[in-house]
Structures are given as C-alpha cells and as structure tokens.
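A.B. asks: Using only what follows, build the 3D model:
(chains A and B, ligands or ions: 2)
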Number of protein chains: 2
Amino acid sequence: MTRYQHLANLLAERIEQGLYRHGEKLPSVRALSHEHGVSISTVQQAYQKLEDLQLITPQPRSGYFVAPRKAQPPVPAMSRPVQRPVEVTQWEQVLTLLGGRGDKSMAAFGGGSPDVSQSSLKPLWREMSRIVQHHPGDILNYDELAGRRDLREQIARLMLDGGTVATADDIIITQGCHAALSIALFSVCKPGDIVAVESPCYYGTMQLLRGFNIKAIEIPTDSQTGISIEALELALEQWPIKGVILVPNCNNPLGFIMPDDRKRAILALAQRHDLAIFEDDIYGELANEYPRPRTIKSWDIDGRVLLCSSFTKTIAPGLRVGWIVPGRYRDRVLHMKYATSGTTVPTTQMAVASFIREGHYHRHVRRMRQIYQQNMETYTCWVRQYFPCGICVTRPQGGFLLWVELPELVDMVCVGQQLARLKIQIAPGSLFSASGKYRNCLRLNCGLPPTEQHQRVVAQLGEAIRVAIEWNNAR
Amino acid sequence: MTRYQHLANLLAERIEQGLYRHGEKLPSVRALSHEHGVSISTVQQAYQKLEDLQLITPQPRSGYFVAPRKAQPPVPAMSRPVQRPVEVTQWEQVLTLLGGRGDKSMAAFGGGSPDVSQSSLKPLWREMSRIVQHHPGDILNYDELAGRRDLREQIARLMLDGGTVATADDIIITQGCHAALSIALFSVCKPGDIVAVESPCYYGTMQLLRGFNIKAIEIPTDSQTGISIEALELALEQWPIKGVILVPNCNNPLGFIMPDDRKRAILALAQRHDLAIFEDDIYGELANEYPRPRTIKSWDIDGRVLLCSSFTKTIAPGLRVGWIVPGRYRDRVLHMKYATSGTTVPTTQMAVASFIREGHYHRHVRRMRQIYQQNMETYTCWVRQYFPCGICVTRPQGGFLLWVELPELVDMVCVGQQLARLKIQIAPGSLFSASGKYRNCLRLNCGLPPTEQHQRVVAQLGEAIRVAIEWNNAR
Ligand SMILES: Cc1ncc(COP(=O)(O)O)c(C=O)c1O
Ligand SMILES: Cc1ncc(COP(=O)(O)O)c(C=O)c1O
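C.D. replies: Residues are numbered from 1 along each chain as shown, chains lettered A, B, ... in the order given. Ligands and ions are numbered 1, 2, ... in the order given. Below is the predicted model:
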C-alpha cells in the first residue's frame, strides 16, 4: 500500500467512526504532513482520494470539510424464500454468466474471480517453472489418489488457523472446491434427496444439486449472522433433509461470518437430526478479522462435517486445487473421487505446496485481505454515491463480494441484459435462488481493482438501475 | 531405435514368419554385417538380444541356430460372464492396486501407466515452462467451461485420423478420460440403471458404475474381435439396458481392435434399441496398424455415441487432460462438467495444445507405437519362456497391455499377495469383472521397458504361478 492510500484510509476510518463530524473542517495539509511525517504532496493525494470518494469536499481558500453524506444504506433484511424443497432451475442464466469469461473486453463484475495481478503471486510461477524443469517424473505420472502428501501436510498446517485439526491422512485433494462439494455431496446423498441451503446461495452449488437431481430447500438467511437456525429446525421437522450446505465464513454472496455460538448451535442441531454439514470454507482465509474465524468443522466431534475448500480465492482459480476433510465419510469420498476423476494434476499441487512452504502464501493472503477490504470500502462508497436511494447493501466481514438489494420491482435480469450490451457483466440475484427469487438483487465482484474505469462502470450501473426504477414507476 | 535393435527385430520377424525354420543355421555375423552395412559388433549385439529372447541358440564354433521353441500359446476363448445385471464389487482390491503407486521400489506391472521416460517427451516440459513464464494471466484464471479453444481445435484435427469428424465446438475438455467417462455416463444414466460392458472390462470403469449405483451386465467378449453382438442383443431383449461402454480400439485389457463391420453392427444395434454408446478411445492412437483404426463415433449419424478419451496413454497421465465428443448429449454433458468440477486446469491444456501444434505429438506417438509393439513381443516371449504350459495369452493389436489366462484353479489374488511381498505388483483378473470373475487371469503392463530387471520379475512371476499350480494339484 502506498503512503497516500494508507493516510486516506486512516482519515476515512476516522470520518466513519465520527471522530470528524459532518461539516467539520479537516486539518490543513501542512498540519497533517507534519503530524504523519509525510510530504505535502502525499497529503494532497490522500485528500484527492477522499474527495473522489465524496467523503470530503474542498472549499476554496479555506480547506477540506467532511461532506454531508448520504446516510449509510441499511443491510438487507432476513431473506424469505419459499419454504419447501424445489428443483433447481436457472442453468441457462448461469451458462450465460460463465460464457462472459472468455470476453476480455467485458467488465466482469458478475463472476467471483479474485485479483491475480498482484506481485505477491510471482513466486508461484517461479515455483512452477522450477518444478516443471526439475521434477518431470512427478509431473508426468499418476499421483496418489488422495493427492500429494506434501501438499496435504501444508494444508493440515494452514487449517489450524481456523481451528480445524486434521492430519494429512484426513485430507483428500480435489480439482477445486466445486469438485470437493460435488464429491462430498454425492458421497452422502442420492438423487431425489433434499438438502438445505442458505438463501441466497452461491449459484455453482445450486447447479451441482441440479446436476445430481437433489432438491434444494432454501432457508431464510440473515445478511449479518447467517442461516436462520430456527427456520432450519422447522424445515427439519417437516421434510427428510439429508444435509445442509453452508458458507459460514465470508459467505458468498452475503459476506457474513456466522458468530461462533451460531456455528455451534447449527452443529448441535445437525447432531440431533443426524444431518451432514457440507461446510464450504473457500473464503474463510479472507476474513477482515484476525485471526481468521473458526470453522464449524473445528467443533465437529463425530465427523459429520465435510469441510470443502480450495485455493481459488486465496491464490488463483486456474490452479484447480481444492480439498475435502471428509470426516466419517472418508471411504466413500475417496471412492467418489476415483469414480469421478481419478487423480488430480500434480503440477499445480506441487506449485501450491512450495508456495506455502516457502512462506509466500501467508504473505500473499495477508496482503490480499487488506486489498479486498479497501476495495470493498471504495465500492461501497461508489454504490452509495451512484445508486438511487432505497437500496440495501451488505457490510461484508471478508471476501470481496457485495450484495445489493434494490426496490422490489427492479428486474436485474433485464437490466443485466442491457448492461451486457455495454460490456458490463453483473450477476443478477436470481442466480442465487433455486427458483429464481432475488431478481431485484445483484452481486458485485469487488475483487476487481477500483480503477477510474471501474468507477465509471459502477456509475453506469447506477444509472441503468435508476432508469429501470423510473420506467417501473411510470407504468 | 538403435541399429542393433532394428536388426534384431528384423530377424525376429523373419523367424516368426518362418523364413528361417526351427533348427536352421542363421547367416554368419560377417555375412549379415555385409548384407546390412552395419558393424560386426552391431550384429553381435543383435544376436545377443535374440539369444536373450531364446529365439536362437549359439552352438560353439558353428554359429547361431533358430531355437526349437515352445508352441505359441493359444489366445483366450470367448469370455462367459454371468448373464444378468449385478452390482460392482472389488473396490478394496482396486484401492490396494492404486495404493501401490506411491511405492517407487515396486515393479508396477499392475497399473496402466505408459512409458514417460522417452526423450520425445522433452518438448512437453519446454512448452510448459514457456507457458508458465509467458502466460501467467492464462494459467491463473478460470478457463472456458468447455476447455481451451486452442486445444479443442488441435484435438478436432487429431481425431480426423480415426474418422471422427468434429469441430472445436463439439468437444468438451475434461480432467482425463476417467472424468470424461463419468460425466458422459452421468449425463445419460441415473442410479439403478443398467449398463452393458465388455467382459473383462477396465476396473476404473467398473468402479465408476459402482460410484453412481449403476448396475453392470457383463457381455461375453472375444479376445480378438471384441464384444459379442449376439450376446448383447439377447441381453437387450431381457433387460432395460441404457447404454454400452466399449473400448473398441486396443482394448483394455484384451488388446483387440474390433473389425469395422462389427463396429458398424453394434452401432446399428444401438440404433434399433435406442442405446447410448460410451466409446473409450484412450488407446486408439497406439494401434499397431497404420493408419489408426476408426472409431464407432465416425459412423454415428444420430449423435448417440459419446466418445471419451485422454492424453494419459499417448503422452502422460499427470497431465489429466481428456475430452468428450458428446453428440446429442452436449447440453447435459456441459452441465455435468460444471456440476462435477467446473473448469479444467489451463496449464496442462496449453502445454498439450502446443505439443501437438509444434508436431511433437505425432513424432512421439509414432515412436511409442513402435516401442510398445516391441515391448509386447519381448514380454510375450518371456511369458512363453517363464510361465508354465497350459496358459492362454492375448495377441494385442496395439496399446501395451497383455492378458494371461491361467488354469482354472490358479488364484491370482492370492498369488498377487505373495508377489506384493517381493515388491512385484500385478493386476489380478478379478478386478476386471463386476463380480470378481477371472481370478485365474492377470494383466501385465508392457509399457515398462523390457530391462533385465523386468525379465527377472517375469521369471519370478512365472515361478510363483508354477508353485501355485503345483500346490493346487497336490491338494
Ligand atoms: C462459495 C463458493 N464455493 C465454491 C466455489 C467454486 O470454487 P472452485 O473454483 O475452487 O471450484 C466458489 C467459486 O466461485 C464459491 O464462491
Ligand atoms: C480403458 C481406460 N479408460 C480410461 C482410463 C482412465 O484414463 P485417465 O487417466 O485419463 O482418467 C484408463 C486408464 O487406465 C483406461 O485404461
């Protein structure tokens, strides 16, 4: 982070915390320069950034003042999905979203790709080159079915940060988190079964259920504390639910981290009703808080939690390296891994293992956590600035995704189609529901660096939404 | 191939064809050296090799003579598996076999790994290094769901050699052939369905059926012409069979290539009964004959053949790059790919694409075809030499696998356990049957270079079998 960014963040935080009140005059450039031991131009840059974010306004010849800002938009209320098992739809829409990936001219706010442009990733391909040159035997041959032991040992160590105690033998490497979830699910469920999900729920997981003909029951979910345990309990009394899929840490799309007591409560509920828990921890390492939040798996004493994760968000999607800690389902999971794919690519496994072993991983993740946190602040400011009033916005506790709820009548599927023509891709909320609810919502990828170009895109997005609202009102 | 190997092969062929009769004197070293324009020592090396193979015997002071050899063992007769759908068992046994992979001190005659030690593979890691260094963006990001277009274009071109006409859009890249088969099967079948297989059938495919709870009906199969179409037809009349899995070219484990008329006959049968054909072409490029044999897919006019393949046998297993040509099932296959794994690793896809584009692939495969053909001749000689009488041995038309049928009472599962203690791994025939038939058979991987050490292993194997037979006779 450069000095001016650091300073700008510090000031933004103070404004946010009310240390400088709205309308109050800020310290002079000279005073700040003196206070922080930075140059005049650094302070000027910092003030410029805050001005861009509309947090402060300059007044000619008298300095900078805290801007009279719009009130912070409220967070979305508890969701209220249909309370019965349904078949998942929306595949065409997901396919359209995925189709956008190839198009480099598209502003890809719809996907969930992390920022892979940071220099802290460079050691990764240095490692990969080294491996390719020095270990041809390893990269050409079949690997162990459970995955490379050196990588599993590194993962076991990493997971301790989230309280997950597992040895290399408890871990099975998969081709990404998607494969982990699909193997886990298929080891426990069969077609026709019912599985509970958070609502909204990551569309990839939904499509996985569709692929295996498993019905989804969407459970009301709070944007700050997660799935409603009460609603899940009610559903359990009514339906023969086999398991529940959760993203309890830095949820996709809502960004919450379930409080520890709720994590334990849902585990207790699962024990009472003999449910399996599919815990998707893919964003867990990107929490704002430090140390990172605990996994539900960390309290799992009878092996009913299948922890699924990958390096897709923390390092890069192209690695396709994920894993499962399958608990009591280990034998079936290993068999399903064999049945669905056999072994996993050794090259990227080896690259990740040495990236972690040499300390690059921790450095990189520490950096990305900061970057994403700043990105989200910036994007939240932009949304507040450019989107019309009457919206709700999540306050993510980690990850890099923002969820915006618009007035009931706005149809983001339609708006999205118009935006696609402007080379802007968004994820309409309906992808995150089995039955296409949340059409008035959208998910925004704040992994994209907050450049001026992206600021313009957010402005265009706001404008498109404003037009849609007006058009609705006029009818 | 070195000069002496070339000469040895030539002479071996002449002996095989009867141009030199048993007991006949062979040309003198000097005469051959003159005839072929090679050095004396080259001829001596060639003769030494033929002596090692026990094709010729030296007689002091009078030269080399064609050895009085054992009769060539017969090929296995048409198999006679149980004629009803059964659930697949044998997972523990397969797991044991896979477990041996990690152990480098094991003579791995049980697996199906190709020889990855040839120098013609070197350009592959040169390409991979180059890609890692010059295309970090490509290797870090998600790829197209169907797989990289450049690779699909190369595959489309390759497939023309087998008569398969497909464009890049007709191809979906997968993480190896295992994943291809599993996605293909799961796009067409559901749990409880019945699928017909050749008998014996590659154990990986069997376990895939088990994973998805699909029942297998094993169809009698001839070791030279493939599945019995008549038996399949009878089965179709009795059971609601959804599809048939075939490895028609260089079959694993029997090594046959189905004659073209039988390929067409089975396609016609599938059309009459509305069956899907899962055609596994993984060994198709390694046929002894040139040009390579046609695929069933090449005659498929209504898109009912799902062609599955990979570069596991032709290049290297560690790449995990395979593909499906899904015909009329494209939409479901694409969805199943998304549901089971999302996208595939870009790095190895890119490496393979340039390996093909730069002409290295064709050079390598041409070379490997020759090497494997020679290996199989050598291993066949060794089996003939070291195994007891009364056995049947396949005469593979490509690939690098040999199937040996021993007298009824020999239990290769037990023998295999003893051999494992001697660090020799074999694949007992029972893995190749849903219900553990073929315990008296074994499959031998002739991909391993025929070194002296491996010759000793084959001798040990023969000895273990001889002991088992004697022990049985004594009871
Ligand atoms: C919550 C969640 N789970 C799973 C995945 C899939 O991860 P992978 O790319 O490792 O298969 C994603 C990626 O978008 C995700 O957001
Ligand atoms: C007939 C057959 N099909 C499929 C496979 C699996 O191939 P892959 O390693 O590409 O998944 C093999 C490998 O042993 C095989 O022999």
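A.B. asks: How about the stretch 251-400 of chain A: which residue is closest to ligand 2?
C.D. replies: A:Gly342 (4.5 Å; Cβ to the nearest ligand atom). C-betas here are computed from N, CA, C, even on glycine.
A.B. asks: Grab the nearest non-local neighbour of that residue.
C.D. replies: B:His178 (3.9 Å; Cβ to Cβ, 6 or more residues apart in numbering or on different chains).
A.B. asks: Would you mind giving the domain segments of chain A?
C.D. replies: Domains of chain A are assigned by automatic domain parsing as A:3-66, A:91-116+A:362-474, A:122-359.
A.B. asks: re the thing from before, where's the residue nearest to A:Gly342, which helix or strand?
C.D. replies: If you go by DSSP states H and E, B:His178 is part of helix B:176-188.
A.B. asks: Skip ahead from that helix and say which helix or strand is next.
C.D. replies: Going down the chain from helix B:176-188, the next helix or strand is strand B:194-199, by DSSP H and E.
A.B. asks: thinking again about what came up before, wait, the residue nearest to A:Gly342 sits on A:Ser341?
C.D. replies: Yes. Contact criterion Cβ atoms under 8 Å: B:His178 and A:Ser341 qualify, at 5.7 Å.
A.B. asks: now the strands for the stretch 351-475 of chain A?
C.D. replies: In the stretch 351-475 of chain A, the strands defined using DSSP state E, counting those that start in this stretch lie at A:392-393, A:401-405, A:424-425, A:427-428, A:441-445.
A.B. asks: Model confidence score at the residue lying farthest from the centre of chain A, please.
C.D. replies: Going by Cα atoms, centre = their mean, the residue of chain A most distant from its centre is A:Arg61, 44.2 Å out. Listed pLDDT for A:Arg61 reads 85.
A.B. asks: By residue count, tell me the biggest strand in chain A.
C.D. replies: strand A:215-222 (DSSP state E).
A.B. asks: Setting the sequence-adjacent residues aside, check what's closest to the residue in the stretch 301-450 of chain A positioned nearest to chain B.
C.D. replies: At 2.8 Å from chain B, A:Ala339 is the closest residue in the stretch 301-450 of chain A, using Cβ to the nearest Cβ. The shortest distance from A:Ala339 to any non-neighbouring residue, by Cβ to Cβ, 6+ apart, is to B:Gly211 (2.8 Å).
A.B. asks: So which bits of the stretch 301-450 of chain A are right by chain B?
C.D. replies: A:316-320, A:334-336, A:338-348 (Cβ under 8 Å from any Cβ of the partner chain).
A.B. asks: who's in contact with A:Tyr438?
C.D. replies: Contact partners of A:Tyr438, counting by Cβ atoms under 8 Å, 6 or more residues apart in numbering or on different chains, are A:79, A:200, A:405, A:428-430, A:432.
A.B. asks: likewise A:Ile266?
C.D. replies: Contact analysis of A:Ile266 by Cβ under 8 Å, 6+ apart lists A:227, A:229, A:232, A:244, A:246, A:258, A:277, A:296.
A.B. asks: Which of the three states applies to it?
C.D. replies: helix (DSSP: H, G, I helix; E, B strand; the rest coil).
A.B. asks: ok, it to A:Ala231 distance?
C.D. replies: Separation of A:Ile266 from A:Ala231 (Cβ to Cβ, to the nearest Å): 11 Å.
A.B. asks: Then A:Tyr47?
C.D. replies: For A:Tyr47, the distance to A:Ala231 - Cβ to Cβ - is 47 Å.
A.B. asks: likewise A:Pro58?
C.D. replies: 50 Å.
A.B. asks: who's more crowded, the two?
C.D. replies: A:Ala231 (21 against 13; other Cβ atoms under 10 Å in any protein chain shown).
A.B. asks: Which members of the contacts of A:Tyr438 are classed as buried?
C.D. replies: A:79, A:200, A:405, A:428-430, A:432 (16 or more other Cβ atoms under 10 Å in any protein chain shown).
A.B. asks: Which stretches in the stretch 101-250 of chain A count as strands?
C.D. replies: Using DSSP E, counting those that start in this stretch, strands in the stretch 101-250 of chain A cover A:107-108, A:172-174, A:194-199, A:215-222, A:226-227, A:241-246.
A.B. asks: which one of these lies closest to ligand 2?
C.D. replies: Using Cβ to the nearest ligand atom, the strands of the stretch 101-250 of chain A put strand A:172-174 closest to ligand 2, at 14.6 Å.
A.B. asks: can that closest one be found next to ligand 1?
C.D. replies: No. Judged by Cβ under 6 Å from any ligand atom, strand A:172-174 stays clear of ligand 1, getting no closer than 8.4 Å.
A.B. asks: And for that strand, what's in contact with it?
C.D. replies: By Cβ under 8 Å, 6+ apart, the list of residues contacting strand A:172-174 reads A:146-148, A:151-152, A:180, A:183, A:310, A:321-326, A:330, A:333-334, A:337, A:341, A:344, A:349.
A.B. asks: go again using 10 Å as the cut-off
C.D. replies: Contact with strand A:172-174 is made by A:143-149, A:151-152, A:155, A:179-184, A:308-310, A:320-326, A:330, A:333-334, A:336-337, A:340-341, A:343-346, A:349, A:352, B:341, as judged by Cβ atoms under 10 Å, 6 or more residues apart in numbering or on different chains.
A.B. asks: where does chain A have low pLDDT?
C.D. replies: Scanning chain A for pLDDT under 70 picks out A:1, A:69-71.
A.B. asks: Which helix runs longest in it?
C.D. replies: helix A:360-386 (DSSP state H).
A.B. asks: Report the buried residues of that helix.
C.D. replies: Of the residues in helix A:360-386, A:360-361, A:364-365, A:368-369, A:371-386 count as buried by neighbour count, 16+ other Cβ under 10 Å.
A.B. asks: how many degrees apart are it and strand A:401-405 in direction?
C.D. replies: With axes from the mean of the first three to the mean of the last three Cα atoms, to 10 degrees as the basis, helix A:360-386 and strand A:401-405 are set at 20 degrees to each other.
A.B. asks: Taking strand A:441-445 as reference, get the angle to helix A:360-386.
C.D. replies: Using the same axes, to 10 degrees: helix A:360-386 against strand A:441-445 is 140 degrees.
A.B. asks: where does the residue of the stretch 251-400 of chain A closest to ligand 2 fall, helix, sheet strand or coil?
C.D. replies: Assigned by three-state DSSP, the conformation of A:Gly342 is coil.
A.B. asks: I'd like to know how many residues surround it.
C.D. replies: Around A:Gly342 there are 26 residues (other Cβ under 10 Å).
A.B. asks: how about it, what does it touch?
C.D. replies: A:142-143, A:145, B:98, B:175-179, B:181-182, B:204, B:207-208, B:310, B:312, B:317, B:320, B:322.
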